[in-house]
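> the sequence isn't on hand, but the structure is:
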């Protein structure tokens, strides 16, 4: 059955068929298609139909990449609907390999530690879940997938059956038409090289779909970066003395001592930015370093039952710097007399460009996709293969009110207690004026949130923290009649939480508390310098470094409110800088309809008038 004929809903929504056709043509022609369509409007099923139709005709495999667990739910759900419509689609699902592990304590390991431990246990025949999974028949693996309503159900079903979920998923992937995974399965060298070849796949066999593609530059920066503190280096020296002897001990001890001496110099250096060449000249790495680190890991496991290791974390940082790739900055973070060395990838393009050139085709989709020149610059997209489709929202325009206050701002020079108090008054007023549901207040940073929080008068306040679990937030807001959720732009809540009930949004208002420009820290300033050289313009470099990410975050926050035709919400931007011409050019969906007010009274009149029309 042709996939276009098996559309799993009563009718195509406005824009969906256009998306499916554009994706089909792009994949058939080997292009990179950029698709922007609002969250909740149905782009996932449209993209899947177009990509799958073309991939199946060409004998290719669709690799669908989602950053978070909640983002992976949508393609899984839509594929199951297509299967119920009679389409024969073979599916496999992967999460971060550590998240799929059935062994207790795996979640406590850093990712590199986990991979080392997993490899050791498999090679020694010490993981019963792995051994059992190898003996599972293809039919049994298919039944486990078929009877799992969600990806997490599949993982839990495998664990209950005493099977390694990753290996069951890999057995399915050998025959799959669609593989759902995380960004690492394509963009992390080590993960990709252990993933694709055993499936008999090369990059040219794969049609890549990247969900929430506005997150990709930041996601790759995280994957490609490493850091280590002085305390970790000291712990690594103790670890080496405990598990090695003789020349082996001396070899790794010299490496760690030279790194410690380098970090002491970095602590005294005038500039936090450091030279990778100087690092390599001063940090001595023996040729057998990797072998010795692995020896420590094995000894730790045999004695302690875990490969949680300080020396591995230190060695990962050293390897990263020794690679000395373009687009990285080495710098020292100093705090309370201590120092942390960071090797940060600020520009993924030199690394990721090779992958985009090699894949059969790619679809990058988002409800808030940055400009194509930004994505090409940051990710190294081959411009001659790039095409794009940006469609307006299918939801009624009068279901949303956008208000901008020019009275307030979060500009650094104006961050005073008086401004924090005034910002809190605005947030509290929006909360009081909103009907039951969720009011989402989005801040540029945790620090600014902490500055405003003491002045808020609203009840039922939930605060996002760095260890906040998405499931806890979703559960809490659904149990409350009205709540004020304080979140950070680009954080877990704004990117990952589904504030919905029975397909309808619970969000009644989104308050963007200040323009969420990236912090002007060392890596951000370094990126601006790199882009200034590449673009030959300091102004364009500033736009790419600060303005485009900030506007994308505003648009992403606003997109949390309207998820269906029946949803109504207020979007409030508390920063006069949103009136800037360049901001308007990047956010016409918000700026063109925005009502600008001069004070709190004007805001409240606009909100009351909007809700009176309900």
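Perfect, thanks for sending it. Keep in mind that this is a model prediction, so the values were computed, not measured.

> contact partners for residue 499?
Going by Cβ atoms under 8 Å, 6 or more residues apart in numbering, residue 499 touches 438, 440, 474, 477, 505-507, 560. C-beta here means a position set from N, CA and C on the backbone, and glycine is covered the same way.

> please apply the same query to residue 328.
Shown in contact with residue 328 (Cβ under 8 Å, 6+ apart): 224, 276, 320, 343-346.

> farthest pair within these?
Farthest-apart pair in these is 224 and 276; separation 14.4 Å (Cβ to Cβ).

> and those two? which has more neighbours close in?
In terms of neighbours (other Cβ atoms under 10 Å), residue 224 is the more surrounded of residue 224 and residue 276; the figures are 23 against 17.

> per-domain residue ranges of the chain.
With domains defined by automatic domain parsing, the chain comprises 1-8+17-89+177-211+348-394, 97-115+125-175, 224-340, 397-612.

> from one end of the longest one to the other, what's the distance?
Terminal residues of domain 397-612 are spaced 16 Å apart (Cα to Cα, to the nearest Å).

> assign a three-state SS to residue 193, would you?
Under DSSP: H, G, I helix; E, B strand; the rest coil, residue 193 falls in the helix class.

> what about the domains of the chain, which gets the closest to residue 217?
Nearest to residue 217 among those is domain 1-8+17-89+177-211+348-394; the distance by Cβ to Cβ comes to 4.3 Å.

> tell me the mean pLDDT for the closest one?
Mean per-residue pLDDT for domain 1-8+17-89+177-211+348-394: 93.

> in this structure, which helix or strand is least confident?
Sorting the helices and strands of the chain by mean pLDDT, DSSP states H and E puts helix 470-479 at the bottom, at a mean of 71.

> for that one, name the packing helices and strands.
Identification of packing neighbours for helix 470-479 by 3 or more Cβ pairs under 8 Å, 6 or more residues apart in numbering; DSSP states H and E yields strand 461-463, strand 482-488, helix 492-496.

> how about those, which one is nearest residue 38?
When these are compared by Cβ to Cβ, helix 492-496 sits nearest residue 38, at 15.2 Å.

> quick one: the helices in the stretch 201-350 of the chain, in order.
For the stretch 201-350 of the chain, the helices defined by DSSP state H, counting those that start in this stretch cover 216-224, 230-243, 246-268, 276-282, 289-304, 310-323, 349-358.

> average model confidence for stretch 590-606?
Across stretch 590-606, the average pLDDT comes to 93.

> quick one: it to chain centroid distance?
Taking Cα atoms, centre = their mean, to the nearest Å, one finds stretch 590-606 lying 32 Å from the centre of the chain it belongs to.

> so which residues make contact with it?
397, 400-407, 425-426, 429-430, 433, 554-555, 558, 571-573, 578-579, 583-584.

> distance-wise, check residue 182 relative to residue 471.
18 Å (Cβ to Cβ, to the nearest Å).

> residue 515 now?
From residue 515 to residue 471 the distance is 30 Å (Cβ to Cβ).

> higher neighbour count, those two?
The neighbour comparison of residue 515 against residue 471 (other Cβ under 10 Å) goes to residue 515, with 24 against 12.

> that one in helix, strand or coil?
Of the three states, residue 515 takes coil according to three-state DSSP.

> the one 10 residues further on now?
Three-state call for residue 525 (three-state DSSP): helix.

> mean neighbour count, the helices and strands packed on helix 470-479: which tops it?
Ranked by mean neighbour count under mean count of other Cβ atoms under 10 Å, the helices and strands packed on helix 470-479 are led by strand 482-488, which reaches a mean of 24.

> from the contact counts, what lies against it?
In terms of contacts (3+ Cβ pairs under 8 Å, 6+ apart), strand 482-488 is packed against strand 437-443, helix 446-452, strand 461-463, helix 470-479, helix 492-496.
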